[in-house]
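the following block contains a protein sequence and its predicted model.
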Amino acid sequence: MKAYLTRRYMFSASHRLHSEEMSAQENLVTYGKCNNPYGHGHNYALEVTVSGEVDQQTGMVCNLVDLDNFVHSEIVERFDENNLNVLPEFLEYVPTTENLSAVIYKILQQGFHKAHLEKVRLEETMMNSFEYAGDAETRC
Amino acid sequence: MLYLTRKAEFSASHYYHNPKFTPEENRRIFGKCNNPNGHGHNYTLEVTVKGEVDPRSGFVVDLKQLKEILNREVLDVMDHRFLNKEVPEFAERIPTTENLAISIWQRLATKLKAAQLHRVRVYETPDLFVDFYGEE
């Protein structure tokens, strides 16, 4: 029987929303306070949802230790206490939480193969969150 | 179609152990959860039902009835219990969060009359939950 397992992780990072393709005025209008040249930070909460048949022998979709190890070493370690704008993946893309969700999804999709990746959900603050499931529709 | 979610909380203990595995395998696969004396969690359960809104009552489901079914079928059976020893299905099945979600679904699905069960979500801790939507 198929079940969906979601695990929540925290990391803190800074960013500045600024597009090289826009004028200074356009950037200010588009990004408002987020365009502050010195940047600002958030405590991000990441939810990773994986799915699969529940293994009869273990009762698990996948071993949590494997998922935790992967997310800690490949995602939390990479972004926690870091400035997103200086990372290679954001040299060309604005580090909005939309783009960060897609980057995290791609890291998981390429590197974690112990269960099927359903989606990632990223909370930038308690007031706004973003979900990304690649080309698939997310399930409510 | 409208979706209604009811939340409930229960506290229970469990441990993970498969008698077909060697003691070493059990320890390697289940880690600290293999402690035979068990350990506990405050579980949060979210049950989502779906249906059309009854034009006379304005309800998808009578919440009082839903609450009674939840209490009788799940909370009375699992709250303040050692799942492995006191809940019959876990004599054979390991009480992981995955299996708990499946078990709660099976306990509720046939009992709900007016509305259809859509999803069972079980939080083992605030940072870990499992969703089950029935057999897909």
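That came through, no problem.

list the buried residues in the lengthiest helix in chain B.
Across chain B, the helix with the greatest residue count (assigned by DSSP state H) is helix B:97-109. By 16 or more other CB atoms under 10 Å in any protein chain shown, the buried positions in helix B:97-109 come out as B:97, B:98, B:99, B:100, B:101, B:102, B:103, B:104, B:105, B:107, B:108. The way it works is simple: take the backbone N, C-alpha and C, and place the C-beta from them, glycine included.

do stretch B:73-86 as well
The neighbour-count check on stretch B:73-86 (16+ other CB under 10 Å) flags B:73, B:74, B:77, B:78, B:81, B:82, B:83, B:84 as buried.

could I get these as a markdown table with secondary structure?
Compiled in a markdown table, those are given as follows (DSSP: H, G, I helix; E, B strand; the rest coil):
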| residue | secondary structure |
| --- | --- |
| B:73 | helix |
| B:74 | helix |
| B:77 | helix |
| B:78 | helix |
| B:81 | strand |
| B:82 | strand |
| B:83 | helix |
| B:84 | helix |
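
give me the residue at the spatial middle of chain A.
The centroid of chain A falls nearest to residue A:101 when counting by CA atoms, centre = their mean (3.6 Å).

take the helix or strand hosting it, keep the C-alpha atoms, and write them as PDB.
Using DSSP states H and E, the element containing residue A:101 is helix A:97-111. Only the C-alpha atoms of helix A:97-111 are listed here, as PDB (Å, rounded to 0.1, in the frame of the first residue of the first chain):
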ATOM      1  CA  THR A  97      11.800  31.100  -2.500                       C
ATOM      2  CA  GLU A  98      10.100  29.900  -5.700                       C
ATOM      3  CA  ASN A  99      13.600  29.400  -7.300                       C
ATOM      4  CA  LEU A 100      15.000  27.900  -4.100                       C
ATOM      5  CA  SER A 101      12.200  25.300  -4.000                       C
ATOM      6  CA  ALA A 102      13.000  24.300  -7.500                       C
ATOM      7  CA  VAL A 103      16.800  24.000  -6.700                       C
ATOM      8  CA  ILE A 104      16.100  21.900  -3.700                       C
ATOM      9  CA  TYR A 105      13.700  19.700  -5.700                       C
ATOM     10  CA  LYS A 106      16.400  19.100  -8.300                       C
ATOM     11  CA  ILE A 107      19.000  18.200  -5.700                       C
ATOM     12  CA  LEU A 108      16.600  15.600  -4.300                       C
ATOM     13  CA  GLN A 109      15.500  14.300  -7.600                       C
ATOM     14  CA  GLN A 110      19.000  13.800  -8.800                       C
ATOM     15  CA  GLY A 111      20.500  12.400  -5.600                       C
END
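
which residues touch the residue nearest to residue B:104 when sequence neighbours are not counted?
In space, and not counting its chain neighbours, residue B:104 is closest to residue B:120: 5.0 Å by CB to CB, 6 or more residues apart in numbering or on different chains. Contacts for residue B:120 were tallied using CB atoms under 8 Å, 6 or more residues apart in numbering or on different chains; they are B:45, B:46, B:47, B:48, B:101, B:104, B:105, B:108, B:131, B:132.

for the residues you listed, which one is nearest chain A?
residue B:131 (4.1 Å; CB to the nearest CB).

let's see the pLDDT reported for that closest one.
Looking at residue B:131, its pLDDT stands at 98.

and it, that's in a strand?
Yes. According to three-state DSSP, residue B:131 belongs to a strand.

ok, it - contacts?
Residue B:131 makes contact with A:3, A:4, A:5, A:6, A:49, B:101, B:119, B:120, B:121, according to CB under 8 Å, 6+ apart.

next to chain A in this structure, residues from chain B, please.
Contact residues, chain B versus chain A (CB under 8 Å from any CB of the partner chain): B:3, B:16, B:18, B:20-21, B:29-31, B:93-99, B:101-102, B:126-133, B:135-136.
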